[in-house]
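Visitor: Got a predicted structure plus its sequence, pasted below:
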Amino acid sequence: MEKRAILAAVLMAGLLMVYQFLFINPEPKKVASPPGTPAAEAPGAGKPAEAPAPAPSVPAQLPPPVDVPRPPEKTVIVDTPLYRAVVGSLGGAVDRWDLRYRGDKPMVLPGVVSSQGLVVLRTGQAPKQISFAVDRDSLKLEAANPQGELRLVGNDGLGLQVTQVMRFSADSYIVDREIRVANAHSVPQTVELAITWTAPVEWPKDQEAFAGPRPIHALRLSMGSSWPRREYLASGGSYTGDGMWIGFESAIGGASQSGVYLTALIPGGKGFRVSEGKREESKGNGAKPTGVFDVGVRANVPVLAPGQAWDGRVRTYLGPMEYGRLKALDVGLEKAIYFGGFPFPESWADRVPTLPMEWIAVPVLGVMRWFYSFIPNYGVAIILLTIITKVLFFPLTVKSMNSMKAMQTLQPQVNVLRSKYKNDPQRLQRETMELYRANKVNPLGGCLPMLVQVPIFYALYVALSVSVEMQNAPFICFGHAPRWIPLVGGHDLWVCDLAAYDPTYILPILMGASMFVQQKMQPVMGDPRQAKMMLFMPVIFTFMFLNLPSGLVLYWTVSNVLQIAQQKYMERANKVEKSKAPKKAA
């Protein structure tokens with residue numbers, strides 16, 4: 001029975017390794033394309049659910065130019081408790097966006113991660129960025145003034161008057177952009193509008209000191225889909241078609257396999273499509289072209305007669321991937337968080353049935369966030385979650401201990417059967433199970449507490465891996481150790497990031513020690529030599545847990561300590577029961 005319990009624990013830890021190496025998509029190898037080769041559809045890339053909307057019928061000739069004054073270029077600073085943004089009058093582009101989320105984190109870097117704002121596309125002409133006149137110089141939002149807007153008015157020089165109203169909120173990372181295109185010319189005309197975000201396929205070496213999130217994936221969610229399409233920028237293909245939203249998933253340092261920050265475009269209204277694609281961008285001065293990846297939304301404005309107007313809406317989300325915020329938008333943006341799939345990763349969903357793991361990870365996150373609202377420390381929240389888990393599963397622990405003690409009592413009879421049928425393994429198995437059945441002992445009863453923890457263990461691992469709330473969340477942090485201190489010099493002391501491994505390795509060692517004590521307290525069953533061999537399992541587990549998130553090791557350690565306390569309590573209760581039992585007459 002002890003072997004089965006250890007096997008269950010090994011399988012639980014092995015599940016994490018399988019998840020890391022198989023279920024999280026490894027970055028595909030980059031394949032160089034010949035110069036001038038157009039971007040091809042990525043292998044297995046999703047096709048649009050419907051054929052792309054046909055281009056509107058464009059008048060045969062461009063309307064004569066309209067002489068309109070060009071407004072002077074200016075920038076508007078938008079200051080809120082959540083971010084500080086700089087909006088330019090050229091296109092209404094977001095030139096800067098600095099998150100105020102656990103320190104200042106720039107998400108937009110001019111010339112690298114950027115947007116041109118609203119661009120007008122006409123057949124036979126280069127893309128046109130409109131110079132807008134802006135109605136204010138700055139906008140400051142706070143609790144007393146929670147909402148505000150910028151009004152931008154411009155003309156494309158060919159008779160189309162374009163108006164943008166950009167709305168900001170003090171408690172939201174959303175920029176709501178309402179667009180109105182009016183034909184002020186004397187002839188019918190039409191255009192295509194585009195709002196595009198651009199990120200480098202490979203991060204520039206001269207920007208290695210960039211402290212903000214770096215885009216690593218392009219994401220898009222098609223209509224009616226349960227899974228977003230997730231592609232590495234270096235291997236992504238081209239796509240134009242339907243979509244509920246499209247954007248970049250980013251991570252600090254850009255080395256993670258899943259990001260915790262999001263730049264997303266959410267179209268609203270008819271005629272909108274989403275688009276993505278990789279292209280070469282020339283820097284001029286003879287420099288080698290660099291690869292960039294574009295994600296954006298496009299809108300085909302129908303033919304407008306003189307005096308007619310068209311209205312559309314595009315929302316932009318630039319912020320952390322907090323599940324509650326994304327879910328509240330009601331466009332499926334919360335699906336950008338990679339919770340994984342069961343029994344296969346979500347990237348296999350188009351080939352085999354896959355169950356989203358959101359249903360188990362989100363409740364665990366919700367419980368920890370609730371604890372955090374009372375005690376703002378996620379390490380304490382994990383401890384409280386562990387205590388509640390142990391209390392809820394205490395009846396199973398009692399049943400498990402009783403089952404193990406019953407099996408220990410039957411061990412002499414099992415040894416007799418082993419000697420009797422040592423040359424007939426099948427007969428030995430049948431007789432052993434019959435013995436258990438006759439004494440109403442379940443040989444799997446000792447594994448129950450371990451097995452029921454698997455979903456919580458997995459959900460906590462996923463939460464620590466992909467939840468932005470857990471990133472850089474400290475437990476007991478004494479700050480950065482000076483480099484001259486042996487072994488721990490240059491590392492944080494002690495647990496300053498629950499989503500990262502413990503750099504001092506104190507927590508995994510405590511986990512191994514608690515596991516050793518717990519194992520020594522369990523009833524010895526089976527071959528004593530095998531029981532001695534099992535004592536090496538805490539050492540093996542200690543090495544397995546060295547590089548796992550410290551929050552997960554904290555959960556396992558506290559679980560072991562509580563299990564030891566429960567076993568002590570049950571042993572004491574059994575002794576009291578025996579002492580109170582009436583003694584048989586001599």
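Guide: Good, I have the coordinates.

Visitor: For the helix or strand hosting residue 541, name the packing helices and strands.
Guide: Applying DSSP states H and E as the criterion places residue 541 in helix 537-544. Using 3 or more CB pairs under 8 Å, 6 or more residues apart in numbering; DSSP states H and E, the elements in contact with helix 537-544 are helix 2-18, helix 506-521. Every residue, glycine included, has its C-beta placed from N, CA and C.

Visitor: Give me the distance between residue 394 and residue 521.
Guide: 16 Å (CB to CB, to the nearest Å).

Visitor: neighbour count winner among the two?
Guide: residue 394 (15 against 12; other CB atoms under 10 Å).

Visitor: Around the nearest residue to the more buried one once chain neighbours are set aside, how many other residues sit close by?
Guide: Counting by CB to CB, 6 or more residues apart in numbering, the nearest residue to residue 394 once its immediate chain neighbours are dropped is residue 566, at 6.7 Å. For residue 566, the neighbour count with other CB under 10 Å is 20.

Visitor: can you check residue 165 too?
Guide: Neighbour tally, residue 165, other CB under 10 Å: 17.

Visitor: check contacts around it.
Guide: By CB atoms under 8 Å, 6 or more residues apart in numbering, the contact set of residue 165 is 149-152, 177-178.

Visitor: how much space between it and residue 175?
Guide: Distance, residue 165 to residue 175, using CB to CB: 11 Å.

Visitor: ranges for the strands of the stretch 151-300 of the chain?
Guide: Secondary structure of the stretch 151-300 of the chain (DSSP state E, counting those that start in this stretch): strands at 160-169, 174-183, 192-200, 213-221, 229-232, 239-241, 245-252, 261-268, 272-281, 290-300.

Visitor: What residues of the last one count as buried?
Guide: Which is strand 290-300. By 16 or more other CB atoms under 10 Å, the buried positions in strand 290-300 come out as 292-300.

Visitor: quick check, nearest of those to residue 469?
Guide: residue 295 (25.4 Å; CB to CB).

Visitor: correct me, but the closest one touches residue 229?
Guide: No - here residue 295 lies out of contact with residue 229, judged by CB atoms under 8 Å, at a distance of 11.2 Å.

Visitor: what is in contact with those two at once?
Guide: Residues touching both residue 295 and residue 229 (CB under 8 Å, 6+ apart) are 218, 220.

Visitor: The spatially closest residue to residue 323 that is not a sequence neighbour and residue 369: what is the separation?
Guide: Excluding the flanking residues, the one nearest residue 323 by CB to CB, 6+ apart is residue 334, at 5.5 Å. Relative to residue 369, residue 334 is positioned 14 Å away (CB to CB).

Visitor: what does stretch 116-125 contact?
Guide: Contact with stretch 116-125 is made by 58, 62, 88, 90-94, 127-130, 156, 158, 160, 162, 164, 177, 179, 191-196, 198, 298, as judged by CB under 8 Å, 6+ apart.

Visitor: Which secondary structure state does residue 118 sit in?
Guide: Here residue 118 is strand, with the state taken from DSSP: H, G, I helix; E, B strand; the rest coil.

Visitor: these two touch, right, residue 166 and residue 149?
Guide: Yes - counting by CB under 8 Å, residue 166 does reach residue 149; the two are 6.3 Å apart.

Visitor: Settle it for me: which of the two has more neighbours?
Guide: Neighbours per residue, other CB under 10 Å: of residue 166 and residue 149, the larger number sits with residue 166, 24 against 14.

Visitor: Please name the bridge partners of the more buried one.
Guide: Beta bridges link residue 166 to residue 150, residue 177 when assigned by DSSP bridges.

Visitor: ok, it to residue 247 distance?
Guide: 18 Å.

Visitor: got any ranges where the stretch 401-550 of the chain has weak pLDDT?
Guide: 444-450, 453, 480-491, 523-533 (pLDDT under 70).

Visitor: Show me where it has its helices.
Guide: 411-420, 425-438, 448-452, 454-466, 506-521, 528-534, 537-544, 550-580 (DSSP state H, counting those that start in this stretch).

Visitor: Please tabulate the buried residues of strand 290-300 in CSV, including the columns pLDDT and distance to residue 409.
Guide: Putting these into CSV (pLDDT from 0 to 100; distance: CB to CB, whole Å) gives the following:
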residue, pLDDT, distance to residue 409
292, 92, 71
293, 95, 66
294, 95, 71
295, 96, 66
296, 96, 71
297, 97, 70
298, 96, 74
299, 95, 76
300, 93, 79
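
Visitor: Just the closest of the residues you listed to residue 456, please.
Guide: Distance to residue 456 across these (CB to CB) is lowest for residue 295, with 36.0 Å.
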